[in-house]
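Asks: Predicted model follows, preceded by the sequence.
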Amino acid sequence: MQKRKLKAWLYLLPALLFLGVFLVYPLIDVVVYSVEEGFTSVSQTYDGVGLGNYNTVLRDPDFLQALKNTVLLVAITVPLSTLLALFISLGLSSIKKLRNLFQTVYFLPYVTNTLAVGLVFMLLFDKTETTDGLINLFIRIFGGGAVDFIDGPYWAKMFVMCFYTVWVVLPFKVLILTSALASVDETYYKAARMDGTRKGRIFLRITLPMISPMIFYLVITGFIGAFKAYSDAVALFGTNLNAAGMNTLVGYVYDKLYSEGGGSPALASAAALILFAIVLTITCINLMISKKKVHY
Amino acid sequence: MKIRLENLTKKFPNRDKKQGDFVIAVNNFDFEIPDGKLVGLLGPSGCGKSTTLNLISGLEEPTEGKIFFGEDDVTQIPPESRGVGLVFQNYALYPHLTVQQNIMFPLQNLRGAEKLSKDEMKRRALEAAKLVQIDTLMERKPAELSGGQQQRVAIARALVKMPKVLLLDEPLSNLDARLRLQTREEIRRIQKATKITTIFVTHDQDEAMSISDLIVVMKDGVVHQIGKPQEVYDHPTNLFVATFLGTPSINVFNARVQEEQLYIGKEAVLKTPGIADSNVIAAIRPEGFLLDREGPFTLQLDRVEVMGRDTSVVCGHEASMSDVIRAIVRTDSVVDEDKDTVRFTLIPSKVHLFDPATEEDLPFTL
């Protein structure tokens, strides 16, 4: 018995070692850092233990701006991209000709590099001294005034950010939802037809419940993914996100870690834990709603 | 409601164009199903049974021909307006809805003048559920029901709109052997209680024979025979019908008729008045053999299988077209298993002769 236990631990050792060193220890360390007030990375000393770091972070205008940006981004892009993906997949599953071609086209953004896409978006939307950018050209044609999307008003920048995020996350969602739709047994639709069920009702009462586990999966991963947004903002607005007013929570954590003078790991840890708390809360709410609405 | 099919034909485009442009699933069906009967569409897999059902339900459109319900031509009428209830082979119960919601689903689709109040819907759902005896399971989800119960829910859902015609696609194929027996009685009972003209599809001749008022035997999109089960069994119009009906299946021999005597091998085994001299195919039901030490028909004895209710004598013969010959005899009859041969007398009504070229029945006077 003793020998068998030893064996089990031996087999588990590699995984435990790596998880311990690279996941558990850092996690604990983050919590420890976050409560060490007045920590300086140069001398590795701190003044005392308390919630002062949280206090500082929550009062930091940069943090509040990042929080606002992130929440807006999540609130707009998650429902929008999921709905759009649903419409596109419904469209894709109702056509027969060129279906594979369209599926490939819709999937292309998924295999494209984020930074490259960000650059293309910047070129599309950017307004410089020499050019207004392609999008502004179109706005002009339809009689609007040129807007500086990259370095202009907040709503314009937010618009680009959301547009970009939706565009990037769409292909994966379309892929998941088209396969979910294809997996719904054809006889359900036949049965519904026999009963003279209208199209809208078929969609709401049959299709939607049948693919609800997949939609739920996309919403949860969508929330988590959007809360973790950072590289997209960098690709669009450059590395000085605080100056552009377009920082995200992860961006804020990053900035705090690597700001001038060795950064402030304590503040970064506090911010990271706040982000963790938000994501955890939202995921729990999602799970609670899903128990009622998702049919497995 | 009487159903009449007139020159009904359904062709599907062939996927493999080398085998022709079309597959004919249903070929020129022309028959009438009387009102209030339970009819079994019987045939081997791929014979067009389910297509026929889909045509009657309206899920498929015929290539040619017409369908009449009573005197009304319904060929162009969409499925929901035909007054047809269809039970699918896999039941197609909505897994996320309770039994009650499943049964009420068709009622909730009604609009305009037909629209029902919620209480009325519930009342009708309960009525349908009571008919199939699942009224105690109304709050369950399909996954919490047994196969037989799911089947009943599917029937209740098909019945709740009080259809004029009830169609069942392979209703028993997803059930285990014991439930199958029980459920087929149940279908018979429900049909008797509602008096709705009911058509069910099956490839199991036992099933079709046992509960149908009328069976339609099909093969390769062609109707071979229509009639009461016993009639079809006793008087098959061709070799296919004879071999398809009956378990154990009928024993088939290469034979010939000479001077109004049936010869199998060298032995004259039966008088067959009215048949001209020719080669024939002789088919003998297992129960058509009578053990008789002096009998004219000698078979090589292989083994004796005791079934309890009766005894099966397994034999061989050089002229036999099947691997083994099975004769069903009474349990009290004595077969000497040490002998190499066994002799039988044949019961004339259990012997059928067919033309070897057309495989059509050659009737002889008994």
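Replies: That came through, no problem.

Asks: right, and residue A:180 touches residue A:214 too?
Replies: Yes - using C-beta atoms under 8 Å, residue A:180 is in contact with residue A:214, at 3.9 Å. Where you see a C-beta, it was placed from the backbone N, CA and C, and this is true even at glycine.

Asks: neighbour-wise, which of those two wins?
Replies: Neighbours per residue, other C-beta atoms under 10 Å in any protein chain shown: of residue A:180 and residue A:214, the larger number sits with residue A:180, 21 against 18.

Asks: Return the set of buried residues in the host helix or strand of that one.
Replies: Taking DSSP states H and E as the definition, residue A:180 sits inside helix A:154-182. Of all the residues in helix A:154-182, those buried under the rule 16 or more other C-beta atoms under 10 Å in any protein chain shown are A:156-158, A:160-178, A:180-181.

Asks: Check which helix or strand the most centrally placed residue in chain A maps to.
Replies: In chain A, the centroid-proximal residue (C-alpha atoms, centre = their mean) is residue A:226; its distance is 1.7 Å. For residue A:226, the host element (DSSP H and E) is helix A:208-227.

Asks: and that helix, anywhere near chain B?
Replies: Yes - using C-beta under 8 Å from any C-beta of the partner chain, helix A:208-227 reaches chain B at A:209, A:210, A:212.

Asks: Toward the C-terminus, what is the element adjacent to that helix?
Replies: Sequence order places helix A:231-237 as the next helix or strand after helix A:208-227, per DSSP H and E.

Asks: In contact with residue B:334: list those residues for me.
Replies: By C-beta atoms under 8 Å, 6 or more residues apart in numbering or on different chains, the contact set of residue B:334 is residue B:291.

Asks: and the gap between it and chain A?
Replies: Using C-beta to the nearest C-beta, to the nearest Å, residue B:334 is found at 55 Å from chain A.

Asks: which SS state does that residue fall under?
Replies: coil (DSSP: H, G, I helix; E, B strand; the rest coil).

Asks: quick revisit: name the nearest of the residues of helix A:208-227 next to chain B relative to residue A:117.
Replies: Distance to residue A:117, by C-beta to C-beta, is smallest for residue A:212 among these, at 30.4 Å.

Asks: Check the gap between the closest residue to chain A within chain B and residue B:5 for me.
Replies: Going by C-beta to the nearest C-beta, chain A is nearest to residue B:80 of chain B, at 2.8 Å. According to C-beta to C-beta, to the nearest Å, residue B:80 and residue B:5 sit 21 Å apart.

Asks: and the residue in chain A that chain B sits nearest to, what does it touch?
Replies: Scanning chain A for the residue nearest chain B gives residue A:196, at 2.8 Å (criterion: C-beta to the nearest C-beta). Residue A:196 makes contact with B:78, B:79, B:80, B:81, B:106, B:109 under the criterion C-beta under 8 Å, 6+ apart.

Asks: Could you pull up the contacting residues of the residue minimising distance to the centre of chain B?
Replies: Centroid check for chain B by C-alpha atoms, centre = their mean gives residue B:42 as the closest residue, at 3.0 Å. Under the criterion of C-beta under 8 Å, 6+ apart, the neighbours of residue B:42 are B:49, B:202, B:203, B:205, B:208, B:215, B:216, B:217, B:218, B:244.

Asks: residues contacting the last one?
Replies: Meaning residue B:244. B:42, B:43, B:44, B:205, B:217, B:219 are the contacts of residue B:244 under C-beta under 8 Å, 6+ apart.

Asks: Got a quick PyMOL command for the buried subset of the residues you listed?
Replies: Selecting only the buried entries of the contacts of residue B:244 in PyMOL, with 16+ other C-beta under 10 Å as the criterion:
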select buried, chain B and resi 42+43+205+217+219
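
Asks: Redo the contacts of residue B:244 as JSON lines? Include pLDDT and secondary structure.
Replies: Formatted as JSON lines, the contacts of residue B:244 follow (pLDDT from 0 to 100; DSSP: H, G, I helix; E, B strand; the rest coil):
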{"residue": "B:42", "pLDDT": "93", "secondary structure": "strand"}
{"residue": "B:43", "pLDDT": "91", "secondary structure": "coil"}
{"residue": "B:44", "pLDDT": "90", "secondary structure": "coil"}
{"residue": "B:205", "pLDDT": "87", "secondary structure": "helix"}
{"residue": "B:217", "pLDDT": "94", "secondary structure": "strand"}
{"residue": "B:219", "pLDDT": "91", "secondary structure": "strand"}
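
Asks: about what we covered before: if I read this right, the residue nearest to the centre of chain A contacts residue A:76, doesn't it?
Replies: No - between residue A:226 and residue A:76 there is no contact under C-beta under 8 Å: 9.0 Å.

Asks: Spell out which parts of the stretch 151-296 of chain A neighbour chain B.
Replies: Residues of the stretch 151-296 of chain A lying near chain B (C-beta under 8 Å from any C-beta): A:185, A:187-188, A:190-191, A:193-198, A:201, A:205-206, A:209-210, A:212, A:295.
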